[in-house]
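Asker: here are the coordinates; sequence isn't available:
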């Protein structure tokens with residue numbers, strides 16, 4: 001969820017995918033051009049007592065989720081990354097700054113989910129050229145790629161950019177105000 005016109009550091013109420021509000025602490029001032037959302041904060045004592053050896057992906061253990069603070073706070077898992085209608089590709093496999101000269105091709109992807117059709121460490125039919133924005137084709141020929149996005153799809157459906165047909169069951173095209181976002185990050 002993007003906070004439009006938010007510039008002051010503090011607690012904001014945002015909504016989850018079920019349109020239920022919850023508070024988060026957002027920092028807009030520590031780093032120029034960056035915004036951060038607090039997902040965990042704790043004293044050493046609370047870390048040792050509550051969080052040590054409990055990674056986010058394995059333990060959904062919210063602590064004071066309705067009052068973000070410094071001593072003992074952890075956001076619950078459902079408010080973390082939602083992997084529905086999500087595509088993650090390493091820049092090692094896709095250089096956005098050069099013409100790959102391939103146009104349509106199978107692209108190794110770390111994770112893809114389109115309307116619940118999902119695969120990890122697989123290939124998807126990707127289109128990226130001098131005349132077409134980056135996107136994946138979940139309907140057309142898979143070109144020998146391992147991902148199949150047809151179940152629940154509509155004819156000529158593209159995903160994550162260059163939308164030939166709009167499938168209202170995909171969050172990126174569920175309404176005219178739906179968003180497709182591209183993020184760069186590191187692990």
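Answerer: That came through fine. This structure is a prediction, so every number in the text was calculated from the model and none was measured. Residues are numbered from 1 along each chain as shown.
Asker: Give me the buried positions along stretch 16-34.
Answerer: 22, 24-26, 28 (16 or more other C-beta atoms under 10 Å). The C-beta positions use only the backbone N, C-alpha and C, and glycine is treated the same way.
Asker: Contacts only, for residue 168.
Answerer: 174-175 (C-beta atoms under 8 Å, 6 or more residues apart in numbering).
Asker: 6 Å - rerun?
Answerer: By C-beta atoms under 6 Å, 6 or more residues apart in numbering, residue 168 lies in contact with residue 174.
Asker: Could I get the phi/psi values of the residue lying farthest from the centre of the chain?
Answerer: Going by C-alpha atoms, centre = their mean, the residue of the chain most distant from its centre is residue 45, 32.3 Å out. Backbone torsions for residue 45, taken as degrees, to the nearest 10, come to phi -60, psi -50.
Asker: neighbours around residue 70, how many?
Answerer: 11 (other C-beta atoms under 10 Å).
Asker: list the helices and strands the helix or strand containing residue 110 packs on?
Answerer: Assigned by DSSP states H and E, residue 110 falls within strand 103-114. Here strand 103-114 touches strand 86-88, strand 117-128, going by 3 or more C-beta pairs under 6 Å, 6 or more residues apart in numbering; DSSP states H and E.
Asker: ok, now with 10 Å
Answerer: In terms of contacts (3 or more C-beta pairs under 10 Å, 6 or more residues apart in numbering; DSSP states H and E), strand 103-114 is packed against strand 86-88, strand 117-128, strand 135-137, strand 158-159.
Asker: hang on, the earlier thing: and the buried residues of stretch 16-34, which is closest to residue 9?
Answerer: residue 28 (5.3 Å; C-beta to C-beta).
Asker: I'd like the helices and strands packed on strand 103-114 as a markdown table, with mean neighbour count appended.
Answerer: Below are the helices and strands packed on strand 103-114 laid out as a markdown table (neighbours: other C-beta atoms under 10 Å):
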| stretch | mean neighbour count |
| --- | --- |
| strand 86-88 | 18 |
| strand 117-128 | 18 |
| strand 135-137 | 22 |
| strand 158-159 | 25 |
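Asker: So which of the buried residues of stretch 16-34 sit within strands?
Answerer: Among the buried residues of stretch 16-34, the members falling in strands (DSSP state E) are 22, 24-26.
Asker: Show me the helices in this protein, by range?
Answerer: 44-46 (DSSP state H).
Asker: Find the least confident helix or strand in it, judged by mean pLDDT.
Answerer: helix 44-46 (a mean of 72; mean pLDDT, DSSP states H and E).
Asker: tell me what that one is packed against?
Answerer: strand 72-74.
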